[in-house]
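Participant: All I have is the shape, not the residue letters:
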């Protein structure tokens, strides 16, 4: 509240002559001086008007004392400043008056110049206090405005991160549509598992508590754990069979051509020996040749599936390595190239060793990509958490073959969620969905051989985290 002229000054004293003298003197000096004969009249005036400075006698018979008046004034108007006047002053009484809220203390009889000096000091102090209050209020407004600006900027950054993460997930799924929804499901499962760890009172993780920012860190790492797949060739990512497309058709065409060549050779041999055309004999040869060709085609089809390759099928496949066909140039070519035979001989899955390495490298690609992002301090572990989600406790994971002690707990949580979703997912081209019950059995088996964390799996099952995505899982065999 700034000072406005003329400045109101209140004089409270039961001695009328002294009160009127002070009012007149201060009025002549340009102040709006008002007198009151006691505490009751003074309080009535204070209720109606703000007085920056109030002079009051200390001892006023028949009512409140000066100190009591100043305390009452303070309750009505805390900004008013009181100056006590008394003819019975001691050093001790002056000290007590100042301690109890008076700004200054003047001993009667006094000279008018003493009143003027005390008033000037009080008004200067009043002005400085009000300026400081204004400064504080302005500072608080500035801080509030800046805080809102920072909160708005923080919200914008968070929305930017959310948009980036969602766009990244979209890019992953566009690159590999067969795993659509996998990243979101893994994030949902991993976050649920982290929240369940927070409520676990005992065991290896009984003392572990993830705060809200760490939960967000886990969510981002889970959503982006497969981003490195954008660096893997599409034909490897979506490869459902060992040999696909035109290349498989070419093998079948060679088998068919080989059948025709065999029929041609037999006819030429028969004619070279002077044998006449025999439709029945020719039909028998044709059926026999077609049966062999169909058997070989079926062998290739069966070997081309990503399921476990039976030993007897693998042995029979080796017979194909000696088969040839006539190239258009006239040369005899091997029907199955060495790399084709090696692909068909893959014991489980559809990927060759090189292709499997390429797929596994997606984890390193993910880490390199995420490490380029200027994460905030609270989210700084996102790259490391995502990097280790394929590591296994016994050191047989990838890409760094980390062991239990070196794997972040968050990555251990994600590993369980990732394996579970991969098992129950119904959209993988190379396998059918596995039932929830069977998937949990497989998780138990992997935990027993120290691939997955047994305590994490226990929490996953006891807290029924798997039910968070069970509606999306289809029952398998």
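Facilitator: Yep, it's here. Since the model is a prediction, treat every value here as computed from it, not as a measurement.

Participant: Name the helix or strand for the residue most central in space within the chain, please.
Facilitator: With distances taken as Cα atoms, centre = their mean, residue 216 lies nearest the centre of the chain, 2.7 Å away. Element membership for residue 216, per DSSP states H and E: helix 212-223.

Participant: ok, and what's touching that helix?
Facilitator: Here helix 212-223 makes contact (Cβ atoms under 8 Å, 6 or more residues apart in numbering) with 161, 165, 168-169, 183-184, 186-187, 190-191, 194-195, 210, 378-379, 381-383, 385-386, 389, 410, 413-414, 417. Every C-beta, even on glycine, is put in place using the N, C-alpha and C of the backbone.

Participant: What residues sit buried inside the helix or strand just after that helix?
Facilitator: Using DSSP H and E, the helix or strand that follows helix 212-223 towards the C-terminus is helix 234-237. Residues 236-237 are the ones in helix 234-237 that count as buried (16 or more other Cβ atoms under 10 Å).

Participant: Could you list every helix and strand in contact with the following helix or strand past helix 234-237?
Facilitator: Of the helices and strands lying after helix 234-237 in sequence (DSSP H and E), the nearest is helix 245-272. Secondary-structure packing of helix 245-272 (3 or more Cβ pairs under 8 Å, 6 or more residues apart in numbering; DSSP states H and E): helix 279-303, strand 324-326.

Participant: ok, now which ones touch residue 64?
Facilitator: 38-39, 72.

Participant: buried subset of these?
Facilitator: Using 16+ other Cβ under 10 Å, the buried members of the contacts of residue 64 are 38-39.

Participant: now the contacts of residue 64 in TSV, with secondary structure, distance to residue 258 and pLDDT?
Facilitator: Below are those laid out as TSV (DSSP: H, G, I helix; E, B strand; the rest coil; distance: Cβ to Cβ, whole Å; pLDDT from 0 to 100):
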residue	secondary structure	distance to residue 258	pLDDT
38	coil	128	91
39	helix	123	91
72	helix	116	91
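
Participant: and which of the contacts of residue 64 is nearest residue 79?
Facilitator: Lowest distance from residue 79 to the contacts of residue 64 (Cβ to Cβ) belongs to residue 72, with 14.5 Å.

Participant: hang on, residue 123 packs against residue 3?
Facilitator: Yes: with contact defined as Cβ atoms under 8 Å, residue 123 counts as touching residue 3 (6.9 Å).

Participant: Map the structural domains onto the sequence of this structure.
Facilitator: Domain segmentation of the chain under automatic domain parsing yields 8-133, 176-236+357-472, 240-350.

Participant: Please identify which of the ones you listed is closest to residue 150.
Facilitator: Closest among these, using Cβ to Cβ: domain 176-236+357-472, at 13.3 Å.

Participant: What's the mean pLDDT across that closest one?
Facilitator: Here domain 176-236+357-472 scores 90 as its mean pLDDT.

Participant: right, so of the helices and strands packed on helix 245-272, which gets closest to residue 374?
Facilitator: The stretch from the helices and strands packed on helix 245-272 with the least distance to residue 374 (Cβ to Cβ) is helix 279-303; that distance is 49.6 Å.

Participant: and the lengthiest helix in the chain with helix 212-223, angle?
Facilitator: For the chain, the longest helix by residue count, based on DSSP state H, is helix 112-175. With axes from the mean of the first three to the mean of the last three Cα atoms, to 10 degrees as the basis, helix 112-175 and helix 212-223 are set at 20 degrees to each other.

Participant: for helix 112-175, packing partners?
Facilitator: The contact analysis (3+ Cβ pairs under 8 Å, 6+ apart) places helix 112-175 against helix 16-28, strand 53-57, strand 81-86, strand 104-107, helix 182-198, helix 212-223.
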